[in-house]
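> need coordinates for the following:
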Amino acid sequence: MTRPATREQWRKALDELPRSSKIPAFYFAHGQTSLVWPASAGPPRLQVDIQKPNGPLVQFLKDFGPALLSKYTPKAIVVFSAHWETSGEALGAYLKAFQLTDYGDEDGSNPMLYDYYGFPQPLYDEVKFSSRGNTTLSNRIVELLNKARIKARTSPKTEPRGRDGRGFDGAGLDHGVFVPFINMFSPTFNDIPIVQVSINASLELDDEWALGRALDSLRSDGVLILAGGVPVHSFRELAAFSESTARPIFKEWCETILKASEIQEPEARKAALYALPKHAGFRVSNPREEHFIPLYVAAGAGEQGGSKILCSLYGAPTIAFGIEA
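This next block holds a predicted model:
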């Protein structure tokens, strides 16, 4: 079976996604800032063949977003990013919970958190994404997580959630959200509310799977669940980011992820996914696995049903879970 690695192939894979009342959950490659790199900033500092401006990953994202909107007409988007972790054990009882954005229902109410540092000024001045939240949905997510015995609370825009590259602590959607969404949708995207949920800083498979599984019912209510990261994220070996320069162990690792993800029987797929950290390429590809672990959020949310590889670009896969026949 040929996996989709060209534009013609992934467009066919997207077109073949079955329409259903229950939207699949997706693990997708959120990419680097190079995907939105302004020409005025000069060439990106890290040249990655697949993730170059207007490169293959940008092309995929520009096809991926419209396909989701057309096929499923989602009422809202819940997104998990590799760039927001909460441990549930921070700074007193009030913060002992996973967090999710509640930034208001008005157009443009979601702030942006430029959680990258020392980049050319156009990366802060020219990269813009206008979107809104939904308080009702945020509260529903808290209820669902609490029902699953996962402590959760909303975080308003007045509460900083991380360091901003402009020189202050701030709130907002991080670049693991706005970088791909600018390409998937548009720089102005207020039609469909977006709520971001933190991942579990434990980075334990069971914990991330449980986060996704607790929100499974949202998929039946027209909510699109997206979990973003990349399975190769090692700045110790920059050659690993490009297929042309990566050592075989990195390519074998990416192939093993795809093989596990495309297993159709749910229990067998879960077992294969849980076995991935035993692979020799796991740790060398992920000195810290925050970019890999969102895979388990998406797989947990789509635990039941089939799966489908939508894009198999090296180090930048997108996979659908919970597909109904």
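> which residues are in contact with the residue nearest to the spatial centre of the chain?
Most central in the chain under Cα atoms, centre = their mean is G228, positioned 1.3 Å from the mean C-alpha point. Shown in contact with G228 (Cβ atoms under 8 Å, 6 or more residues apart in numbering): Y27, F28, A29, H30, V79, F80, S81, A82, G176, V177, P180, P294. For every residue, glycine as well, the C-beta is placed using N, CA and C.
> among the residues you listed, which lie within helices?
The helices, defined by DSSP state H, take in G176, V177, P180, P294 from these.
> chain neighbours aside, what residue packs nearest to the third one?
Spatial nearest neighbour of P180, excluding adjacent residues (Cβ to Cβ, 6 or more residues apart in numbering): H30 at 4.7 Å.
> need phi/psi at the one you found.
phi -80, psi -20 (degrees, to the nearest 10).
> can you start the count at 36 instead of 1 from here on
Renumbered: residue one is now 36, and that last one reads H65.
> need the contact list for it.
Counted by Cβ under 8 Å, 6+ apart, H65 has contacts S116, A117, H210, G211, V212, V214, P215, G263, G264, V265.
> for the contacts of G263, which one is nearest F95?
A64 (8.0 Å; Cβ to Cβ).
> and the gap between the residue nearest to P215 and Y309?
23 Å (Cβ to Cβ, to the nearest Å).
> what does V114 give?
Using Cβ to Cβ, one gets 24 Å for the distance from V114 to Y309.
> between these two, who's got more neighbours?
Neighbours around V114 and Y309, counted as other Cβ atoms under 10 Å, are more numerous at V114. The numbers are 26 against 15.
> got CSV for the ones in helices among the contacts of G263, with distance to A281 and pLDDT too?
Output for those, formatted as CSV (distance: Cβ to Cβ, whole Å; pLDDT from 0 to 100):
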residue, distance to A281, pLDDT
G211, 22, 96
V212, 27, 98
P215, 22, 98
P329, 21, 95
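> okay, the residues you listed in CSV with distance to I358 and neighbour count next?
Below are those laid out as CSV (distance: Cβ to Cβ, whole Å; neighbours: other Cβ atoms under 10 Å):
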residue, distance to I358, neighbour count
G211, 24, 27
V212, 24, 27
P215, 21, 27
P329, 18, 28
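> can you tell me which of those residues lies closest to S221?
Nearest member of the ones in helices among the contacts of G263 to S221, counting by Cβ to Cβ, is P215, at 12.2 Å.
> the closest one and Q67 touch, don't they?
No - counting by Cβ atoms under 8 Å, P215 does not reach Q67; the two are 10.2 Å apart.
> which non-adjacent residue is nearest T121?
S233 (4.2 Å).
> and the one you found, that one's in a strand?
Yes - counting by DSSP: H, G, I helix; E, B strand; the rest coil, one finds S233 located in a strand.
> if you count neighbours, what's buried in the helix or strand containing G316?
Assigned by DSSP states H and E, G316 belongs to helix 315-320. Neighbour counts over helix 315-320 (16 or more other Cβ atoms under 10 Å) mark G316, F317, V319, S320 as buried.
> does the last one touch F270 like I think?
No - between S320 and F270 there is no contact under Cβ under 8 Å: 11.6 Å.
> what's stretch 67-76 in contact with?
Under the contact criterion Cβ under 8 Å, 6+ apart, stretch 67-76 has outside partners 79, 81-83, 86-88, 92-93, 96, 151, 154-158, 161-162, 210, 213-215, 217-218.
> show me which of these are buried.
So, by 16+ other Cβ under 10 Å, the buried ones in these are 79, 83, 86-87, 92-93, 96, 151, 154-155, 158, 162, 210, 213-215, 217-218.
> for the residue nearest to P59 when sequence neighbours are not counted, helix, strand, or coil?
Leaving out its chain neighbours, the residue that sits closest to P59 by Cβ to Cβ, 6+ apart is A355, at 4.2 Å. Per three-state DSSP, the local secondary structure of A355 is strand.
> partners of A355 in the sheet?
Beta-bridge pairing for A355 (DSSP bridges): F61, K343.
> likewise T189?
So, taking DSSP bridges as the rule, T189 has L135 as bridge partners.
> and it, what does it touch?
By Cβ under 8 Å, 6+ apart, the residues touching T189 are Q134, L135, T136, D137, T170, S173, N174, V177.
> show me what counts as buried in the helix or strand harbouring N174.
Assigning secondary structure by DSSP H and E places N174 in helix 170-182. Residues T170, L172, S173, R175, I176, V177, L179, L180 are the ones in helix 170-182 that count as buried (16+ other Cβ under 10 Å).
> so the second one touches I227, yeah?
No - applying Cβ under 8 Å as the test, L172 and I227 come out as separate, 10.7 Å apart.
> which neighbours do those two have in common?
Taking Cβ under 8 Å, 6+ apart as the contact rule, the neighbours common to L172 and I227 are A111.
> how much space between the nearest residue to T136 once chain neighbours are set aside and M147?
Once flanking residues are discounted, T136 sits nearest to Q231: 4.7 Å by Cβ to Cβ, 6+ apart. Distance, Q231 to M147, by Cβ to Cβ: 11 Å.
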